[in-house]
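Asker: Just need the structure, nothing else, for what follows:
(one chain, ligands or ions: 2)
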Amino acid sequence: MNGVRDRIIRADATIAVVGLGYVGLPLACHFTEAGFGVVGFDIDLERVEQLRDGTSYVEDVDDDTVQQALDQGFEPTTYANALEEADAFLVAVPTGVEQSEPDMSAVRKATESVATNAPDREVLFACCSTVYPGATDEVIRSTLRENGREPGEDTHVAFTPERINPGGSYDFKDIPIIVGADTDEEREAAKTLFEAIVDDTVPVESTGAAEMAKVLENTYRMVNIALVNEVAQHAEEIGVDAWEAIEAAGTKPFGFQTFYPGPGVGGHCIPVDPQFLSWQGRRSGQQLNLVEQAHAINESMPNHVVDRVETALAGRGVSLESASVSILGITYKPNVGDTRNSPALSICELLDTRGANIDVVDPHVDEVRVNETTYEPADEIERDAIADTDAVLLLVDHDAFDYDVLNAAPVVFDGQDGLPDDLSTITVALGDGTTVEEDHSPRTSPTTSSNTFQS
Ligand SMILES: NC(=O)c1ccc[n+]([C@@H]2O[C@H](COP(=O)([O-])OP(=O)(O)OC[C@H]3O[C@@H](n4cnc5c(N)ncnc54)[C@H](O)[C@@H]3O)[C@@H](O)[C@H]2O)c1
Ligand SMILES: CC(=O)N[C@@H]1[C@@H](OP(=O)(O)OP(=O)(O)OC[C@H]2O[C@@H](n3ccc(=O)[nH]c3=O)[C@H](O)[C@@H]2O)O[C@H](CO)[C@@H](O)[C@@H]1O
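Answerer: Residues are numbered from 1 along each chain as shown. Ligands and ions are numbered 1, 2, ... in the order given. Presented below is the predicted three-dimensional model:
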């Protein structure tokens, strides 16, 4: 009865979470709360020190939760030899794409840390990071073997992709966790572990099936966002309001899920994970055209927005090169502070490169770099600053924004269908064929932005 699953059942298993970010930190706190001993291993000393001080750097985890976990024995560390005590290892390190190729380097390094420090007994290794289909075999199992572990023998291997949704409304325990493993014994061990923190697990017959399920979930989302982005661009051409059409289509009680156009697709998942799939397709000689085309459509949205703004400014006799533009929202989606792969940031970079003078408003971001300039975004939309611009771009519809002051703006570009209908100023909207009336009353020359400093 010394198998890892028995130790988990008796709740005297120690769990090591490798990678304490948006995914790993909540996992560590939930398993601590469930009564397990938890070691958190991260290579970022600053993050570990913050955690040891009871401070969270993850928006969805507050300081009290971290402190409570510490009080219950959670042990954040940068010392890999702390892994020697663990029975189950959960890897939640970054994965991404470099030049259209999956970057699994962190997963490989984390697996090496586990393999070279795990105790000489049966353990469980569960990967929670999102990887390309086949990576558990090609990266994880191979690295375990290279470092003296035997997958399926002394090391049970499972793929248990995280579905946490930052800023979302679902409780952690209500989101089922897929549990993929190649043998019943491995699958049961992983199932037993995760059923300590979520209400439902979804066992599948292989790690490959779980990898594909995870990538499919996010590819489905990316492709459907691309569909409405393409429809939005066409709606502009034919003078139809795409938002109205989408809302109307959304009344169909079956067979349609509502997605919305936007300035592009950002974050660490949706623009990234589908590229794992298209890379895998190209590698196996079967190009996934739909996935690749959809990604290209989403990637084209920042340029499309800049083109629309340039046309709107030209309608008022202002060139983009000399324009003063205020950006509302710089994160990748509303009500989060994350700017990873943010389309709004791409739009700022394009405007800056074209010579426009930009300033940024975002209550969720303290500092952001646009090309060579670092900005400290204003927390709220200021009337005087708005009145002094040639155009205002709503790119991220944060709940905290108060749009009433936008009546002072000469032109507002609405990239999120977030503006009130009674706004008295000229509004140009993504997905709506409206154009700016010819109006050559040129604006006064823009002043220097109030919230920037040279790097
Ligand atoms: N953030 C989300 O909402 C989310 C949701 C689902 C899945 N995922 C996936 O989960 C994985 C982790 O994402 P995240 O958002 O938590 O990343 P993150 O960047 O927030 O955190 C990753 C942490 O891992 C640490 N790290 C990197 N290499 C390491 C190593 N070799 N050993 C130990 N620690 C290491 C980093 O210092 C960092 O603290 C990614 O594959 C991501 O695609 C993320
Ligand atoms: C566990 C996990 O992997 N979770 C993911 C996470 O994904 P995420 O945090 O990256 O957030 P998303 O909401 O997908 O946004 C991504 C980008 O797409 C833009 N967008 C979105 C919807 C739309 O209709 N039109 C758009 O243009 C948006 O602005 C942003 O830039 O949560 C989603 C549930 O929220 C999950 O489904 C998804 O699996």
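
Asker: Quick check: residues of the stretch 201-350 of the chain near ligand 1?
Answerer: 268-269 (CB under 6 Å from any ligand atom). Using the backbone N, CA and C atoms, a C-beta is placed for each residue, glycine as well.

Asker: what's the burial count for the one residue in the chain that gets nearest to ligand 1?
Answerer: Residue nearest to ligand 1 within the chain (CB to the nearest ligand atom): Gly21, separated by 1.8 Å. Per other CB atoms under 10 Å, the neighbour tally for Gly21 reads 17.

Asker: what about stretch 265-275, start to end distance?
Answerer: For stretch 265-275, the first-to-last residue distance is 13 Å (CA to CA, to the nearest Å).

Asker: List the contacts of it.
Answerer: If you take CB atoms under 8 Å, 6 or more residues apart in numbering as the criterion, stretch 265-275 is touched by 22, 94-97, 100, 102, 130, 214-215, 218-219, 221-223, 225-226, 291, 294-295, 298-299, 301, 331-333, 338-345.

Asker: Give the buried subset of those residues as a PyMOL selection command.
Answerer: Provided next is the PyMOL selection string for whichever of the contacts of stretch 265-275 are buried by 16 or more other CB atoms under 10 Å:
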select buried, resi 22+94+95+96+97+102+130+214+215+218+219+221+222+223+225+226+291+294+295+298+301+331+332+333+338+339+340+341+342+343+344+345
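
Asker: Among the contacts of stretch 265-275, which are located in strands?
Answerer: Assigned to strands by DSSP state E, the following of the contacts of stretch 265-275 qualify: 96-97, 102.

Asker: Ligand 2 next: which of the contacts of stretch 265-275 are close?
Answerer: 218, 221, 225, 332-333.

Asker: Touching, Ala294 and Tyr220? I think so.
Answerer: No. If you go by CB atoms under 8 Å, Ala294 and Tyr220 don't touch, sitting 10.2 Å apart.

Asker: Could you confirm Val38 falls within a helix?
Answerer: No. Counting by DSSP: H, G, I helix; E, B strand; the rest coil, Val38 falls outside a helix, being strand.

Asker: how far away is it from Pro410?
Answerer: Distance of Val38 to Pro410, computed by CB to CB, to the nearest Å: 55 Å.

Asker: Buried by neighbour count: which residues of the helix or strand where Asp64 lies qualify?
Answerer: According to DSSP states H and E, Asp64 maps onto helix 63-71. In terms of neighbour count (16+ other CB under 10 Å), helix 63-71 has its buried residues at 65-67, 69-70.

Asker: Show the average pLDDT along stretch 375-386.
Answerer: What stretch 375-386 shows for mean pLDDT is 94.

Asker: Now tell me what touches it from outside.
Answerer: Taking CB under 8 Å, 6+ apart as the rule, stretch 375-386 contacts 326, 328, 330, 359-363, 365-369, 392, 400-403, 405-406, 408-409, 449-453.

Asker: Just the buried subset of these, please.
Answerer: If we count by 16+ other CB under 10 Å, these have these buried: 326, 328, 330, 359-363, 365, 368, 392, 401, 403, 405-406, 408-409, 449, 451-452.

Asker: Can you tell me the number of residues neighbouring Ala82?
Answerer: Ala82 has 17 neighbours, counted by other CB under 10 Å.

Asker: Verify the assumption that it is located in a helix.
Answerer: Yes. The assignment for Ala82 is a helix, going by three-state DSSP.

Asker: contacting residues around it?
Answerer: Taking CB under 8 Å, 6+ apart as the test, what Ala82 contacts is 16, 39, 41, 75, 117.

Asker: Tell me, what's the model's pLDDT at it?
Answerer: Among the per-residue scores, Ala82 shows a pLDDT of 97.

Asker: Residues contacting stretch 32-39, please?
Answerer: For stretch 32-39, the external contacting residues (CB under 8 Å, 6+ apart) are 11, 13-17, 28, 31, 68-69, 72-75, 77, 82-83, 85-86, 196-197.

Asker: got the buried residues for it?
Answerer: Buried-residue list, stretch 32-39, by 16+ other CB under 10 Å: 32-33, 36-39.

Asker: Now those in JSON lines, please, with extra columns for distance to Asp241 and pLDDT.
Answerer: Below are the buried residues of stretch 32-39 laid out as JSON lines (distance: CB to CB, whole Å; pLDDT from 0 to 100):
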{"residue": "Thr32", "distance to Asp241": "50", "pLDDT": "97"}
{"residue": "Glu33", "distance to Asp241": "47", "pLDDT": "97"}
{"residue": "Phe36", "distance to Asp241": "53", "pLDDT": "97"}
{"residue": "Gly37", "distance to Asp241": "57", "pLDDT": "97"}
{"residue": "Val38", "distance to Asp241": "51", "pLDDT": "98"}
{"residue": "Val39", "distance to Asp241": "54", "pLDDT": "98"}
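
Asker: Pick out the most distant pair among the residues you listed.
Answerer: Taking CB to CB as the measure, the buried residues of stretch 32-39 span a maximum distance of 15.3 Å, between Glu33 and Val39.

Asker: what about stretch 32-46 and ligand 1, touching?
Answerer: Yes. Contact of stretch 32-46 with ligand 1 (CB under 6 Å from any ligand atom) involves 41-44.

Asker: if we can go back for a sec, the residue of the chain closest to ligand 1 reaches Val91, doesn't it?
Answerer: No. Judged on CB under 8 Å, Gly21 makes no contact with Val91 at a distance of 11.5 Å.

Asker: if I read this right, Val123 contacts Ala88, doesn't it?
Answerer: Yes. Look at Val123 against Ala88 with CB under 8 Å: they come within range, at 6.6 Å.

Asker: shared neighbours, those two?
Answerer: Val4.

Asker: Quick check: buried residues in stretch 272-291?
Answerer: Buried residues in stretch 272-291, counted by 16+ other CB under 10 Å: 272-281, 288, 291.

Asker: tell me the average confidence for the strand or helix carrying His156?
Answerer: Taking DSSP H and E as the definition, His156 sits inside strand 155-159. In this model, strand 155-159 carries a mean pLDDT of 98.
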